[in-house]
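Asker: okay, here's the prediction I keep looking at, along with the sequence it came from:
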Amino acid sequence: MYRFLYLICVLIVAVLNVEAKSVLVQELTKWTLTNANSSITVDVPRLPAGVYTALKSLYGDLLLGENDVALRWIANESWTFTTTFDSSDLGHDSLVNLTLYGIDTVSKVTMNGQFLGQTDNMFVRYSYSIGHLMLPAGNTLEIEILSPLKEANRLAQERQEQDIITGPPSCPKARGDVECHRNHLRKMQMSFGGEWNPAAVSSGIWKSVVVEYYTLAVLRDVDVAINRNDTHWTLDCQAFLETPAQEDFHAHLVVYNSELFDNPFVLEHQNVSFEAPVLKFQIHIPQDRVTLWWPNGYGKQRLYPIMFSIKCYVGDAPMLSSRTESQKTLKIGFRTIELVEDEDSSGRTFFFRVNGHPIFMKGANYVPAHTLPELSGDTDTVAYLLKSAHDANMNMIRVWGGGLYESDVFYNLADFYGLLVWQDMAFSQAAYPLAEDFVSSVRLEAVQNAQRISHHPSLALIVTNNEIELFLVRNRSEFGDNANRLESDYKTLFAETIKEDLNVISRKNFSPRPGPMISSPSLGIAESYGEIAQDPQNTSYGDVHFWQDQKDGLLPETYPRARFVSEFGYGSLPMMSTWQRELDEGVEASNVQLASFIRNRQRESKGFIPLLQQIVNQLPFAPLTWDENIEQFIYFSQVTQAMTTKTAVDVFRSQRTGNQTMGALIWQLNDVWVAPTWSCIDFYGNYKIVQYWAKDFMAPTTVIALYDEHTDSLNITLTREDYSDHSDKQLYLVKINTYLWTDLVVKKAIARDFGLGANEFELRQIPLSYLLYDEHVKSEIFLEIVLELYGETLARNFFYPVPIKNITGIKNPDVKVRLDPDKT
């Protein structure tokens with residue numbers, strides 16, 4: 001009966017507003033691409049598209065072989081995308097916009113021979129009024145995209161002449177062929193190369209291009225902030241409109257959702273300022289009608305589709321058949337989120353509290369799904385990667401600042417999978433110019449992207465940059481006399497300008513989400529005060545990026561007692577079949593060819609030294625002859641990556657006491673090409689060993705075993721990271737089995753009971769001597785630690801008292817495998 005009445009109300013609203021027509025959106029999909037002298041012309045059948053992708057059939061895949069260097073000439077040329085289209089039915093009062101959702105990067109836009117404007121920021125939406133230029137048929141639109149390399153060099157030179165400083169040239173510190181001056185262009189910063197990725201200086205139309213037919217205004221985004229009191233949830237909404245109007249106008253708003261409202265929510269004849277066209281309103285919902293949204297592992301991810309419909313008009317009512325109506329449907333999740341930075345004996349805590357519940361963040365850093373932006377939003381690829389994170393029991397993804405503001409698909413999937421998003425803005429490891437045109441552009445970038453993603457329940461924190469404070473501190477001596485000015489310019493741009501612009505999604509009377517935070521790593525929000533820390537890596541505050549790969553990653557004492565570790569990781573190589581596929585010769589490559597290719601793809605400035613050192617710490621491997629044993633090198637690199645990453649996560653999770661350490665984000669989840677990198681999943685989607693292991697070492701309930709060198713003991717930690725709304729004490733059994741390597745039969749067993757409730761953990765220390773068997777030494781044994789509940793095995797862990805290379809008594813099992821060709 002309730003739903004029937006709701007539908008009647010919707011029908012009445014529809015009948016009363018039958019005269020309204022919706023804004024018409026015409027997508028432009030078919031294009032041609034031409035170089036400057038017209039010697040190259042190709043058809044582009046659909047958008048998004050980039051120059052490299054459009055030319056793939058002629059010149060090959062940018063990421064195969066050594067094409068990243070061989071095809072660099074493409075980035076040194078200008079290219080023009082051209083399309084023709086007929087106009088749709090124009091009403092007597094219609095306005096027409098050309099809206100470009102993403103141009104990479106500097107371009108000149110003309111229509112029917114008339115210059116419309118220039119783009120200079122790939123993260124900004126541009127709109128141009130074109131009604132006065134429209135023909136009934138045969139309209140020609142041209143987007144000339146200028147060479148990103150030449151534009152970066154030009155801007156760097158011009159700004160230097162204007163005494164706008166950015167320090168020494170900003171060039172990636174990496175092996176291989178990289179490009180400089182990335183900080184002068186508002187494009188994806190990793191495009192210029194890095195320690196794990198190629199220089200792939202893209203250009204193109206990486207998002208849609210549309211023509212919009214409307215009467216007065218277009219609804220662009222709706223920011224929905226969630227708040228609650230003792231009885232109700234409040235949707236605190238801001239509907240952002242875009243209009244060329246030069247006088248105030250009126251809006252009629254209807255909000256639909258049959259599960260949350262008894263009747264559609266309606267606001268009639270609301271006045272809207274043409275100078276700041278935002279419609280603000282609140283909707284109150286009884287708490288008993290709402291199911292909470294939780295991060296992965298803590299509960300369900302309940303999402304409610306809500307449709308917002310706005311008609312904008314001048315006068316008393318919309319004119320008959322005018323295109324006055326804009327609509328937007330969002331999926332909303334009800335949750336509260338805080339970043340808790342309380343003073344304690346160590347400094348300040350730094351942890352997220354969701355729905356009043358402290359959450360240990362387990363996850364990974366996410367880089368764009370492809371190094372070419374036009375391919376980075378592929379739905380299947382993004383879905384595969386985020387599902388992989390979800391299935392590995394991760395609950396947070398950090399969108400790294402060297403990449404992009406991700407696609408709507410990405411954030412929708414993060415909502416669906418319960419993956420909280422730590423969102424870096426697209427600035428990384430450089431000093432950026434405090435030039436008027438640059439600042440104006442990034443202010444628009446900050447506002448547009450914040451408005452677009454702010455409604456997502458997965459959005460946990462916005463950070464304005466990646467590692468710039470660390471960059472300024474570490475390079476202070478190199479900056480010389482410019483150091484103070486660079487720091488001042490940094491504070492002006494990020495702490496005083498961008499941070500303030502992000503207030504567009506803030507509220508005066510409550511905080512819909514933490515932040516923004518200025519940089520990562522940093523001392524956090526509460527301790528920063530807008531100043532640059534002398535030591536952004538201070539483990540007593542904020543977050544740290546842990547990179548100590550010269551130390552043994554299997555030793556617990558290697559890792560810091562930090563508050564939140566937002567970057568850490570270890571390198572490895574993709575599997576052999578991935579390398580063979582990449583060479584793309586149709587014939588299996590020789591060992592010499594493969595070794596040469598692997599060397600070419602190593603961009604880390606230290607080369608293979610850190611990776612090989614971690615291997616030889618544990619495994620019997622000759623590092624100087626890795627190129628003669630490539631399959632073993634690949635396998636051992638993945639085993640070592642899995643072991644060291646697991647140790648790091650185990651250490652950080654075992655430091656939850658007093659909220660000491662409350663987050664661990666692996667660098668990195670995914671990859672952009674086939675190379676020695678820190679990824680858990682290779683470019684072709686193959687899991688490395690660490691990704692398979694992550695499902696166990698990130699499981700919400702698990703048992704951790706870490707060696708304490710000072711006491712020669714084994715620290716056994718039982719941890720539960722979940723939520724229950726009632727007393728949920730469980731009696732767990734931990735069994736420790738001692739084995740000899742000689743026969744793999746349990747020689748000794750002990751058991752301990754642990755009583756543990758939701759989100760609790762307990763640590764117990766057991767002398768290692770108590771776990772040894774008879775007179776056997778450490779090199780002869782290993783331990784199996786099993787966690788059981790009511791006789792069911794929940795988790796299993798292993799402890800090796802010595803490095804695997806030092807084990808004694810192990811025998812070759814002489815296993816033989818025969819493949820049945822009829823069953824493969």
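Answerer: Arrived safely.

Asker: tell me the pLDDT of G809.
Answerer: For G809, the model assigns a pLDDT of 88.

Asker: which helix is the longest one in the protein?
Answerer: In the chain, with assignment by DSSP state H, the single longest helix is helix 630-653.

Asker: which elements pack onto the following helix or strand past it?
Answerer: Proceeding N to C from helix 630-653, the next assigned helix or strand is strand 663-666, under DSSP states H and E. Applying 3 or more Cβ pairs under 8 Å, 6 or more residues apart in numbering; DSSP states H and E, we find strand 663-666 packed against strand 361-366, strand 396-399, strand 565-568, helix 630-653. Every residue, glycine included, has its C-beta placed from N, CA and C.

Asker: what does strand 663-666 rub up against?
Answerer: Strand 663-666 is contacted from outside by 350-352, 360-365, 396, 398, 422, 543, 563-569, 645, 648-649, 652-653, 680, 690, 694, using Cβ atoms under 8 Å, 6 or more residues apart in numbering.

Asker: and that strand, which strands flank it?
Answerer: Sheet pairing here is set by DSSP bridges, and for strand 663-666 it gives strand 361-366 (parallel), strand 565-568 (parallel).

Asker: among the ones you listed, which is nearest G167?
Answerer: strand 565-568 (22.9 Å; Cβ to Cβ).

Asker: packing partners of the helix or strand just after that closest one?
Answerer: With elements assigned by DSSP H and E, the helix or strand that comes after strand 565-568 is helix 576-583. Judged by 3+ Cβ pairs under 8 Å, 6+ apart, the packing partners of helix 576-583 are helix 591-601, helix 630-653.

Asker: ok so, going back, could the strands paired with strand 663-666 go into JSON lines alongside distance to V592?
Answerer: Below are the strands paired with strand 663-666 laid out as JSON lines (distance: least, Cβ to Cβ, whole Å):
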{"stretch": "strand 361-366", "distance to V592": "35"}
{"stretch": "strand 565-568", "distance to V592": "35"}
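
Asker: between those strands, which one is nearest to V290?
Answerer: Ranking the strands paired with strand 663-666 by proximity to V290 (Cβ to Cβ) places strand 361-366 first, at 24.3 Å.

Asker: burial of L116, as a residue count?
Answerer: Neighbour count of L116, defined by other Cβ atoms under 10 Å: 21.

Asker: meant to ask about R182
Answerer: The number of residues packed near R182 is 29, by other Cβ under 10 Å.

Asker: for the closest residue to it other than its chain neighbours, list the residues it contacts.
Answerer: The shortest distance from R182 to any non-neighbouring residue, by Cβ to Cβ, 6 or more residues apart in numbering, is to F192 (4.0 Å). If a contact means Cβ under 8 Å, 6+ apart, then F192 has 152, 171-172, 178-182, 199, 201 as its contacts.

Asker: got the angle for the longest helix of the chain vs helix 576-583?
Answerer: With axes from the mean of the first three to the mean of the last three Cα atoms, to 10 degrees as the basis, helix 630-653 and helix 576-583 are set at 120 degrees to each other.

Asker: list the buried ones in helix 630-653?
Answerer: Within helix 630-653, the residues scored as buried using 16 or more other Cβ atoms under 10 Å are 630, 633-653.

Asker: pLDDT on it, on average?
Answerer: Taken as a whole, helix 630-653 carries a mean pLDDT of 98.

Asker: by contact count, what packs against it?
Answerer: Going by 3+ Cβ pairs under 8 Å, 6+ apart, helix 630-653 lies up against strand 565-568, helix 576-583, helix 591-601, helix 609-618, strand 663-666, helix 689-697, strand 701-708, strand 713-720.

Asker: what does the first one rub up against?
Answerer: Contacts made with strand 565-568 from outside it, assessed by Cβ under 8 Å, 6+ apart, are listed as 365, 398, 422, 520-521, 543-547, 648, 652, 661, 663-667.

Asker: any idea how far it is from the middle of the chain?
Answerer: 14 Å (Cα atoms, centre = their mean, to the nearest Å).

Asker: average pLDDT across that strand?
Answerer: In this model, strand 565-568 has a mean pLDDT of 98.

Asker: likewise the second one?
Answerer: Per-residue confidence for helix 576-583 averages out to 90 on the pLDDT scale.

Asker: now swap in the fifth one and tell me
Answerer: The predicted model gives strand 663-666 an average pLDDT of 98.

Asker: let's see the helix or strand containing I306 as PDB, backbone CA atoms only.
Answerer: Element membership for I306 (DSSP H and E) is strand 304-313. Presented in PDB, the C-alpha positions along strand 304-313 are these (Å, rounded to 0.1, in the frame of the first residue of the first chain):
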ATOM      1  CA  TYR A 304      20.100   4.000  -1.700                       C
ATOM      2  CA  PRO A 305      19.500   5.400  -5.200                       C
ATOM      3  CA  ILE A 306      18.200   8.900  -5.000                       C
ATOM      4  CA  MET A 307      17.100  10.900  -8.000                       C
ATOM      5  CA  PHE A 308      17.300  14.700  -8.000                       C
ATOM      6  CA  SER A 309      15.200  16.600 -10.500                       C
ATOM      7  CA  ILE A 310      15.500  20.400 -10.900                       C
ATOM      8  CA  LYS A 311      13.700  22.700 -13.300                       C
ATOM      9  CA  CYS A 312      15.100  26.200 -13.600                       C
ATOM     10  CA  TYR A 313      13.100  29.100 -15.000                       C
END
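
Asker: contacts for the next helix or strand after that strand?
Answerer: With elements assigned by DSSP H and E, the helix or strand that comes after strand 304-313 is strand 323-332. Applying Cβ under 8 Å, 6+ apart, the contact partners of strand 323-332 are 17, 20-24, 91, 94, 213-219, 221-222, 224, 226, 235, 241, 303-313, 318, 412, 415, 455, 457.

Asker: tilt between strand 323-332 and strand 304-313?
Answerer: Interaxial angle, strand 323-332 versus strand 304-313 (the same axes, to 10 degrees): 160 degrees.

Asker: name every strand pairing with the next helix or strand after strand 323-332 and say which way it goes.
Answerer: The C-terminal neighbour of strand 323-332 among helices and strands, as given by DSSP H and E, is strand 337-340. Partners of strand 337-340 in the sheet, by DSSP bridges, are strand 351-354 (antiparallel).

Asker: sorry, back to before: okay if I get the helices and strands packed on strand 663-666 as TSV plus distance to T539?
Answerer: Below are these laid out as TSV (distance: least, Cβ to Cβ, whole Å):
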stretch	distance to T539
strand 361-366	16
strand 396-399	18
strand 565-568	9
helix 630-653	12
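
Asker: out of these, which is closest to I103?
Answerer: Nearest of those (Cβ to Cβ): strand 396-399, 21.1 Å.
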